[in-house]
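>>> build me a model:
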Amino acid sequence: MIQDIAPDHLHNTYIRRVPQENEPVLLFDGDGKLCVSIRDGRISFTTGREIPFHDAVYLFSVNETGYFLSLSQAAASPPGFEFKTIRELRDLGQGKELFAAFTAYHLWRWYTDNRYCGRCGSANAFHSTERAMQCSRCGHVVYPRIDPAVIVGVVKGDCLLITRYRTGYAHNALVAGFTEIGETLEQTVQREVMEETGISVKNIRYYKSQPWGMAQDLLAGFFCDADGDGEIHMDQNELKYAEWVRREKILLQPNDLSLTNDMMKYFKGTDPDTVPFPAVCPGDSSYPSMRPVSWFHPAAEQMDDR
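All right, here's what the predicted structure looks like:
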């Protein structure tokens, strides 16, 4: 997944310091496009050599290298660089630089959206000791926005519920959605599956999580079982495709960046004789009623690989 950059490591503790001339100073335009150079799938960012950095704010470090954000709105790219959307970079880049781009975009959105106080309208300023913006007049403090959301692998027999969005990302996906006020993550799973596909679920079990800076999300992945006959009643405003797909026929996304793809890949590659997925599909006359299963937690076998 995108955050799997080992042996490199992200250090996200906020510190106040200025960039060195050779450290990345990320430059966005008014539409959120990032100024980059891409060669052989590797992303390079502007540094203090290419752009002024007098107004740059520290974002994070990868290993010993600090990453900074220029708060100036770019009018043009320096020679050898061009502006790319984060979605374009998702298809073009890889490695720690792509993760840095996603994470920087998350913070760029937050800094851009919080220049002024939401209470009194006065200008915000950097907090003196932490990653926060504080109103220069009323003192109101705001912290980076992180939206909780779920990715759901709905299982029935030897099939996984595969979806495709009506707009946006064109490849196979799973049911997904944001947590609403007053909900637990498990309740979000139940509601989103019902809203998008009309299917009731049971045996909800946690899988993994992922930061997803493209949408300012923290994604929590869950598997669950269809409760009932698994008949799909698709929300056509949200989805253009929703079908039960056998594990061997699941088409994965074109890269290994997302939690969604990781979950599809996991289900596709599991041995039905060693994990609790019955080896039949909806529509098979031999399909048994689902019973509660003892789901092994993947942390022991897989989290060390992240």
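
>>> is it true that residue 149 touches residue 180?
No. Shown here, residue 149 and residue 180 do not form a contact pair, counting by C-beta atoms under 8 Å, at 10.5 Å. Every C-beta, even on glycine, is put in place using the N, C-alpha and C of the backbone.

>>> list residues touching both of those two?
Here residue 149 and residue 180 share the contacting residues residue 188, scored by C-beta atoms under 8 Å, 6 or more residues apart in numbering.

>>> more neighbours: which of these two?
residue 149 (20 against 11; other C-beta atoms under 10 Å).

>>> if the more buried one is in a bridge, with which residues?
For residue 149, the beta-bridge partners are residue 178, residue 219 (DSSP bridges).

>>> could you shift the numbering so residue one becomes 56, and keep it that way?
Fine by me, first position is 56 from now on; the one you just mentioned is residue 204.

>>> could I get the full set of helices for the stretch 256-361 of the chain?
Here the stretch 256-361 of the chain has its helices, by DSSP state H, counting those that start in this stretch, at 314-324, 354-357.

>>> got those helices as JSON lines, with mean neighbour count, mean pLDDT and distance to residue 192 columns?
Shown next, in JSON lines, are the helices of the stretch 256-361 of the chain (neighbours: other C-beta atoms under 10 Å; pLDDT from 0 to 100; distance: least, C-beta to C-beta, whole Å):
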{"stretch": "helix 314-324", "mean neighbour count": "20", "mean pLDDT": "95", "distance to residue 192": "41"}
{"stretch": "helix 354-357", "mean neighbour count": "10", "mean pLDDT": "32", "distance to residue 192": "47"}
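
>>> give me the mean pLDDT for the longest helix seen in the chain.
With residue count as the measure and DSSP state H as the assignment, the chain has helix 150-168 as its longest helix. Mean per-residue pLDDT for helix 150-168: 96.

>>> could I get it in PDB with only the CA atoms?
The C-alpha trace of helix 150-168 is given here as PDB (Å, rounded to 0.1, in the frame of the first residue of the first chain):
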ATOM      1  CA  GLY A 150       7.700   4.700  -3.500                       C
ATOM      2  CA  LYS A 151       8.300   7.100  -0.700                       C
ATOM      3  CA  GLU A 152       8.000  10.200  -3.000                       C
ATOM      4  CA  LEU A 153       4.500   9.300  -3.900                       C
ATOM      5  CA  PHE A 154       3.500   8.800  -0.300                       C
ATOM      6  CA  ALA A 155       5.100  12.100   0.500                       C
ATOM      7  CA  ALA A 156       3.100  13.800  -2.300                       C
ATOM      8  CA  PHE A 157      -0.200  12.300  -0.900                       C
ATOM      9  CA  THR A 158       0.600  13.400   2.600                       C
ATOM     10  CA  ALA A 159       1.700  16.800   1.600                       C
ATOM     11  CA  TYR A 160      -1.500  17.300  -0.400                       C
ATOM     12  CA  HIS A 161      -3.500  16.400   2.700                       C
ATOM     13  CA  LEU A 162      -1.700  19.200   4.600                       C
ATOM     14  CA  TRP A 163      -1.900  21.600   1.700                       C
ATOM     15  CA  ARG A 164      -5.600  21.200   1.600                       C
ATOM     16  CA  TRP A 165      -5.900  21.800   5.400                       C
ATOM     17  CA  TYR A 166      -3.600  24.900   5.300                       C
ATOM     18  CA  THR A 167      -5.500  26.300   2.300                       C
ATOM     19  CA  ASP A 168      -8.900  25.800   3.900                       C
END
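
>>> name the residues of that helix that are buried.
151-166 (16 or more other C-beta atoms under 10 Å).

>>> same check, this time on stretch 293-313
By neighbour count with 16+ other C-beta under 10 Å, stretch 293-313 contains the buried residues 293, 294, 297, 299, 300, 302, 305, 308, 312, 313.

>>> can you list contacts of that stretch?
Stretch 293-313 has contacts (C-beta under 8 Å, 6+ apart) with 56-57, 145-146, 149, 153, 211, 213-221, 226-228, 250-252, 265, 267, 285, 287, 289, 315-317, 319-320, 322-323, 325, 327, 332, 336-338.
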